[in-house]
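> Structure for this input, please:
(4 chains)
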Protein chains: 2
Amino acid sequence: MASTRASGGDKRRMILDAAVIAFAKRGFHACRVSDIADEANVAYGLVYHYFRSKDEVLDTLFLDRWNVLLSVISEIDSQEIPAREKLHAIAGFIVDSYRHDPDLMKVIIVEVTRAANSFGRTHLGKIREAYALIAEIVAKAQAEGAFKREVTPEFAALAFYGAIEQVLTGWIFDMLPHGEAEFDQAKAFIVETICGGLEVAATESARAV
Amino acid sequence: MASTRASGGDKRRMILDAAVIAFAKRGFHACRVSDIADEANVAYGLVYHYFRSKDEVLDTLFLDRWNVLLSVISEIDSQEIPAREKLHAIAGFIVDSYRHDPDLMKVIIVEVTRAANSFGRTHLGKIREAYALIAEIVAKAQAEGAFKREVTPEFAALAFYGAIEQVLTGWIFDMLPHGEAEFDQAKAFIVETICGGLEVAATESARAV
DNA sequence: CATAAGGTTGACTGACCAGTCAATCCGAAA
DNA sequence: TTTCGGATTGACTGGTCAGTCAACCTTATG
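Prediction:
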């Protein structure tokens, strides 16, 4: 009954899309609700018809996307492939998410994931779930003997995710060159750094048990 | 002439120390200038006697500490030690900074370094300097043959610094256990992950040139 | 002791903006 | 056509806070 009305759910979507642009442009705090409404070509009050508050708009943007990420990671983990390829697939998904919608990823990273103090606090649990899934991949690889045991899985997950986020942040703030070539290169670099390490394979690596 | 007056420059220091506590507790945006004044046991207006604005207080906290970091990195780089030890020393300095004054590091990371959108934008240049110094260490190690050439120095620097910051963030938001043991362990983990990699030293690593 | 200069005080102002709400619009069903 | 209910509008309110400023205090020096 609602979907037949052309403008029904459409406006909600328009507001979300406009919020992505507005938040990306000015940042969540500096962005006024009227900026969102203007960007969506919609009256101020309509934002409050679809969302309880400005916060809820950001909540929605984050949760919709993060839930996709979580299910993608689970799906990747269930495949019968080496751990390195699993990590490559995860890095690939995140990098492609940025390639496909840089503004949305900018908002999620800058305003939620990296803003655990102000806003992301609410979502710490969700964010943790991602770390936990990645840690599990590492733990399994260690059990199979593919990964070393010197670093705990929880820690490895942090380092892996941290490296990805830092690269995206580099793109977001123009500290790193953009471009199709860089995107695929980044996936390979992240995995190579975390899995293979920076050092040349040295013979004295045998000194470790 | 100013330092003989016991309360002269003291108050400025008291305000900065109070700001660290206030910013750490409530976050920069949620923290009112009156919170800083209360925490410092000082009148509201005095904050504006020593600082032009609320922003300048945070600026000062960040720049004072970041400049120390930059000179420490330069100093470490000038030593004649292997790249892995240089990176260990850098990670060690940052971890020890957190151990010594967790609130200050929380403010710097959460409100500046990881808030490149709202506040850190002003300091992007300074932040970049740190990346550049680390990248140089990696580049030298590659030239000497100690590090592989598969990953660019700029990228390696990003991954290294990103891993450190992610670990501190884990501590800041209680996603990771604290404690003296964890601090030293973290230094080793970071360096081991980035330099040595997660994978066991495999024989087929010879397939790379 | 008088005076000047800078340190210190906190009430006040002006701007800003999230969220409310009463009025209006519009499509569908009777 | 009428009526109903959800969609849409945007002026308005209430509260919050950064920053100002005129008055007051403290110390040093002649």
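
> Next one: the residue lying closest to A:Glu180 once chain neighbours are set aside, what pLDDT does it get?
With sequence-adjacent residues excluded and distances taken as Cβ to Cβ, 6 or more residues apart in numbering or on different chains, A:Glu180 is closest to A:Arg99, at 7.9 Å. Using the backbone N, CA and C atoms, a C-beta is placed for each residue, glycine as well. Model confidence at A:Arg99, expressed as pLDDT, equals 97.

> who does the helix or strand hosting A:Ser71 touch, helix- and strand-wise?
Counting by DSSP states H and E, the secondary-structure element that holds A:Ser71 is helix A:54-78. In this structure, helix A:54-78 packs against helix A:8-26, helix A:33-40, helix A:83-100, helix A:102-107, helix A:124-144, with contacts taken as 3 or more Cβ pairs under 8 Å, 6 or more residues apart in numbering or on different chains; DSSP states H and E.

> for those, which one ends up most surrounded?
Stretch with highest mean neighbour count among the helices and strands packed on helix A:54-78: helix A:102-107 (a mean of 21; mean count of other Cβ atoms under 10 Å in any protein chain shown).

> roughly how far out does that helix sit from the chain middle?
Between the centre of helix A:102-107 and the centre of its host chain there is 9 Å, according to Cα atoms, centre = their mean, to the nearest Å.

> what residue ranges in chain A score low on pLDDT?
Counting by pLDDT under 70, chain A has low-confidence residues at A:1-9, A:202-209.

> is it true that A:Arg128 touches B:Met175?
Yes: judged on Cβ atoms under 8 Å, A:Arg128 makes contact with B:Met175 at a distance of 6.1 Å.

> now check the helix or strand harbouring A:Gly45, is it near DNA strand C?
Assignment of secondary structure by DSSP H and E places A:Gly45 within helix A:44-50. Yes: contact check for helix A:44-50 against DNA strand C, using Cβ under 7 Å from any atom of the strand: residues in range are A:Tyr44, A:Gly45, A:Tyr48.

> Return the residues in contact with A:Phe119.
Under the criterion of Cβ atoms under 8 Å, 6 or more residues apart in numbering or on different chains, the neighbours of A:Phe119 are A:Phe28, A:Asp55, A:Leu58, A:Glu111, A:Val112.

> pretty sure A:Ile24 is touching A:Asp103, no?
In this structure residue A:24 is Ala, not Ile. Yes: in this structure, A:Ala24 is within contact of A:Asp103 by Cβ under 8 Å, at 3.9 Å.

> Tell me who's in contact with the closest residue in space to A:Leu133 that isn't next to it in sequence.
For A:Leu133, ignoring the flanking residues on the chain, the nearest one in space by Cβ to Cβ, 6+ apart is A:Ile73 at 4.6 Å. In this structure, A:Ile73 makes contact with A:Ile90, A:Phe93, A:Ala130, A:Leu133, A:Ile134, judged by Cβ under 8 Å, 6+ apart.

> returning to that earlier point: hmm, the residue nearest to A:Glu180 is touching A:Ala181, no?
No: the pair A:Arg99 and A:Ala181 does not pass the contact test of Cβ under 8 Å, sitting 11.7 Å apart.

> before we move on, back to that, distance to B:Ile36 for the helices and strands packed on helix A:54-78 - can I get that in JSON lines?
What follows is the helices and strands packed on helix A:54-78, written out as JSON lines (distance: least, Cβ to Cβ, whole Å):
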{"stretch": "helix A:8-26", "distance to B:Ile36": "26"}
{"stretch": "helix A:33-40", "distance to B:Ile36": "28"}
{"stretch": "helix A:83-100", "distance to B:Ile36": "37"}
{"stretch": "helix A:102-107", "distance to B:Ile36": "29"}
{"stretch": "helix A:124-144", "distance to B:Ile36": "26"}
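
> right, and these - which one's nearest DNA strand D?
helix A:8-26 (3.8 Å; Cβ to the nearest atom of the strand).

> Is any residue of the closest one near chain B?
No: legend: contact between helix A:8-26 and chain B by Cβ under 8 Å from any Cβ of the partner chain is lacking; minimum distance shown is 8.8 Å.

> Double-check A:Leu198 against B:Thr193; I have them as touching.
No: contact between A:Leu198 and B:Thr193 fails when scored by Cβ under 8 Å: they sit 9.9 Å apart.

> and the contacts of A:Phe119 as JSON lines, adding neighbour count and distance to B:Lys187?
Supplementary listing: the contacts of A:Phe119 in JSON lines, determined by neighbours: other Cβ atoms under 10 Å in any protein chain shown; distance: Cβ to Cβ, whole Å:
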{"residue": "A:Phe28", "neighbour count": "23", "distance to B:Lys187": "34"}
{"residue": "A:Asp55", "neighbour count": "12", "distance to B:Lys187": "38"}
{"residue": "A:Leu58", "neighbour count": "25", "distance to B:Lys187": "35"}
{"residue": "A:Glu111", "neighbour count": "24", "distance to B:Lys187": "31"}
{"residue": "A:Val112", "neighbour count": "25", "distance to B:Lys187": "29"}
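
> from those, which single one is nearest B:Ala40?
A:Phe28 (29.1 Å; Cβ to Cβ).

> separation between that closest one and DNA strand D?
From A:Phe28 across to DNA strand D, the span is 16 Å (Cβ to the nearest atom of the strand, to the nearest Å).

> Now do the contacts for that residue.
A:Phe28 makes contact with A:Leu58, A:Val107, A:Glu111, A:Ala115, A:Phe119 under the criterion Cβ under 8 Å, 6+ apart.
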